[in-house]
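[1] What would the 3D arrangement of this be:
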Amino acid sequence: NGRKSGLILSLFILLFSSYGHFAEILRRTGFSLPWIGRNAVILLIPAGAIVFIVCTYFIIRSRSDFADITRILNLATAFLVIVPAFRIASYEMNLTPLRQMPAAREGPILKIHSPAVTRNIYYIILDAHGRSDVLKELYDYDDTPMISHLKDKGFFVASRSRTNYFCTLYSLASSLGFDYLDTSDRAYKRGDWIDTKDMIAYSKVSKILKDVGYRFVSFDEGGEVQNADFSMNPWKRSEFADQLLRTTAAVSVSNIADRKRREVLYPFECLPATADAPYPVFVFAHIMAPHRPFVFAADGSDPGCWGRPGTPTTNRVSETDGISRPEHIEHYRQQIAYVDALLVKTVDAILAKSRIPPIIVIQGDHGPEAYLNPLDINGTYFNERMSILNAYYLPDGGDALLYDDITPVNTFRLIFNYYFGADCPMLADESFFAPPESLSSLANVTDMIDNDDDRKRLEMLRSMDYFPPCTSPAVAATDSNLPARD
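    Reported below is the predicted structural model:
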């Protein structure tokens, strides 16, 4: 019976593709059982199997031809296809002028000269890697062995460096464009992220280096970069396909953690191989660690904690899975210890395999987040979020131009000036904060970092788990349903 077969197949597809959604609902509500804790969501699989078997039995045994139900399901399916297609088309049409705005503002690309000595360039982003003094104070983590090792190899480590922007999207758009984000003449608020995403996808740095003969290699599991000559990804899948897979029963709690571990390990393992390339390469590696999810203990084992910070009472600020702030700090401390060990080995291998001393930049895009409320200036300890690791290997005298307060916006200005004969003025080193996806609300917080008020905010935040009510007028006026964005 064709209709019965269609119903059974439709039921299977519905149950299979809904697993991830139901699992996420249970995780957010703090669902757990005494003997398996929060991994109780895996019981959705046998529960779904029972529902499928029972429904299949009744469909097969029924004497109905299911003509009416089939007709209704066909109409529902057509609706589910037509409506999203219309929304996608409308969305893309509305975003077309927004995508054109950054190109119109960009102006002429910086001209550089082919250097006498062509060096490979490595730009390694360790997501949420904090600065040494902050890690010691807030996380009781001493990264002196890693820092000392880098210095012994010839690195300059900026001891007072800060990020220019509090979140990844704005930070990378700025550093890869070696300029501050343009917030003038903003006729819109919705769609700010389109501008910044395109600045990463087709960055000025990559365009300039490709014009003088560099090949662009990107280690970017999130699919941020679109113009790389070689896109290195352990899964060879698009971001859309990856997100779609996570909604199905094919992905459980355990193999999500395994995938995340592989995504972190892959660039560390493969970066040294690029040193053997027969042409100069610009290598961009955005590694999602020590940022959560926490999938490494200090020895590299699985700590059994892959979720986000938050408590069952937290609402819009953080996604909930029952991790307290002390637990978050402990898991971050464990993960950063292993990431630092991987970094040391990778840097040693790159230097050992390089025929010509390369240029290497290792940065955090922003600091850690145990004391971050992304929706509220008054609920954030800026010294934690804005302070970053910032280390440079600039051979043949390039390190003489570095200074302890340098921020990422000046990284490629300095490199282009010294190694490529550019005339690109250095900018003031400043830091900005804005609620997620609201670039037009940026606030300059440079003078607010580690001042008396910032220290008071830290003491306030230490007394609670997790955050106070949103109190910043400009921030509180934004959409209360905005997700926390990293």
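[2] Which parts of the stretch 151-300 of the chain are helices?
    Assigned by DSSP state H, counting those that start in this stretch, the helices in the stretch 151-300 of the chain fall at 168-176, 192-201, 204-211, 239-245, 253-270.
[3] just the stretch 351-486 of the chain next, same as before
    Using DSSP H, counting those that start in this stretch, helices in the stretch 351-486 of the chain cover 382-386, 411-420, 452-462, 473-476.
[4] closest to Ala228 out of those?
    Shortest distance between Ala228 and the helices of the stretch 351-486 of the chain, using CB to CB, is found for helix 411-420: 16.8 Å. C-beta coordinates here come from the backbone N, C-alpha and C atoms, glycine included.
[5] Which elements pack onto the closest one?
    helix 168-176, strand 359-363 (3 or more CB pairs under 8 Å, 6 or more residues apart in numbering; DSSP states H and E).
[6] Tell me the helices and strands packed up against the last one.
    With contacts defined as 3+ CB pairs under 8 Å, 6+ apart, the packing partners of strand 359-363 are strand 121-126, helix 325-353, strand 390-393, helix 411-420.
[7] and with 6 Å instead?
    strand 121-126, strand 390-393 (3 or more CB pairs under 6 Å, 6 or more residues apart in numbering; DSSP states H and E).
[8] With mean pLDDT, mean neighbour count and distance to Asp198 added, can I get these in JSON lines?
    Formatted as JSON lines, these follow (pLDDT from 0 to 100; neighbours: other CB atoms under 10 Å; distance: least, CB to CB, whole Å):
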{"stretch": "strand 121-126", "mean pLDDT": "98", "mean neighbour count": "24", "distance to Asp198": "18"}
{"stretch": "strand 390-393", "mean pLDDT": "98", "mean neighbour count": "24", "distance to Asp198": "25"}
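[9] what about Pro395, neighbour count?
    16 (other CB atoms under 10 Å).
[10] Which pLDDT value belongs to it?
    Per-residue pLDDT puts Pro395 at 97.
[11] Could you verify my assumption that it touches Pro357?
    Yes - under the criterion of CB atoms under 6 Å, Pro395 makes contact with Pro357 at 3.8 Å.
[12] Pretty sure Met386 sits against Arg162.
    Yes - under the criterion of CB under 6 Å, Met386 makes contact with Arg162 at 4.6 Å.
[13] Find the residues that touch each one of those two.
    Shared contacts of Met386 and Arg162, defined by CB atoms under 6 Å, 6 or more residues apart in numbering, comprise Ser431.
[14] Single out the most deeply packed of the helices and strands packed on helix 411-420.
    Ranked by average neighbour count under the criterion mean count of other CB atoms under 10 Å, those are headed by helix 168-176 at a mean of 26.
[15] hang on, the earlier thing: and of the helices and strands packed on strand 359-363, who's closest to Ser206?
    Nearest of those to Ser206, taken as CB to CB: strand 121-126 at 9.8 Å.
[16] Beyond that closest one, next helix or strand please.
    helix 132-139 (DSSP states H and E).
[17] so what's the residue nearest to Tyr279 when sequence neighbours are not counted bridging to?
    Spatial nearest neighbour of Tyr279, excluding adjacent residues (CB to CB, 6 or more residues apart in numbering): Arg215 at 5.4 Å. On the basis of DSSP bridges, Arg215 is bridged to Val281.
[18] unless I'm mixing things up, Arg215 is touching Asp229, no?
    Yes - Arg215 is within contact range of Asp229, at 4.6 Å (criterion: CB under 6 Å).
[19] Tell me which of the helices and strands packed on strand 359-363 sits nearest to Asp299.
    strand 121-126 (18.9 Å).
[20] Please name every helix or strand in contact with the closest one.
    Using 3+ CB pairs under 6 Å, 6+ apart, the elements in contact with strand 121-126 are strand 281-287, strand 359-363.
[21] The spatially closest residue to Ala201 that is not a sequence neighbour: neighbour count?
    Spatial nearest neighbour of Ala201, excluding adjacent residues (CB to CB, 6+ apart): Gln226 at 3.9 Å. By other CB under 10 Å, 15 other residues sit near Gln226.
[22] how much space is there between Gln226 and Asn233?
    13 Å (CB to CB, to the nearest Å).
[23] Kindly report the same for Arg333.
    Applying CB to CB, the value for Arg333 to Asn233 is 29 Å.
[24] Ile69 now?
    Going from Ile69 to Asn233 by CB to CB gives 42 Å.
[25] of those two, who's got more company?
    Shown here are Ile69 and Asn233; by other CB under 10 Å, Asn233 has more neighbours (18 against 15).
[26] residues in contact with that one?
    Asn233 neighbours (CB under 6 Å, 6+ apart): Glu221.
[27] quick one: pLDDT of it?
    We have a pLDDT of 83 for Asn233.
[28] distance of it from Asp423?
    Separation of Asn233 from Asp423 (CB to CB) stands at 37 Å.
[29] Same check on Lys260?
    Lys260 sits 43 Å away from Asp423, going by CB to CB.
[30] check which helix or strand covers Ile13.
    Using DSSP H and E, Ile13 maps to helix 2-28.
[31] what separates stretch 354-372 from the chain centre, distance-wise?
    14 Å (CA atoms, centre = their mean, to the nearest Å).
[32] So for that stretch, what gets flagged as buried?
    354, 358-372 (16 or more other CB atoms under 10 Å).
[33] Can you pick out the most distant pair from those?
    The largest separation in those, counting by CB to CB, is between Ser354 and Tyr371 at 38.9 Å.
[34] how about low-confidence regions in the chain?
    For the chain, residues meeting the criterion pLDDT under 70 lie at 24, 26-42, 91-108, 183-194, 236-256, 306-322, 435-440, 465-486.
[35] chain center to stretch 59-70: distance?
    Computed by CA atoms, centre = their mean, the chain-centroid distance of stretch 59-70 equals 48 Å.
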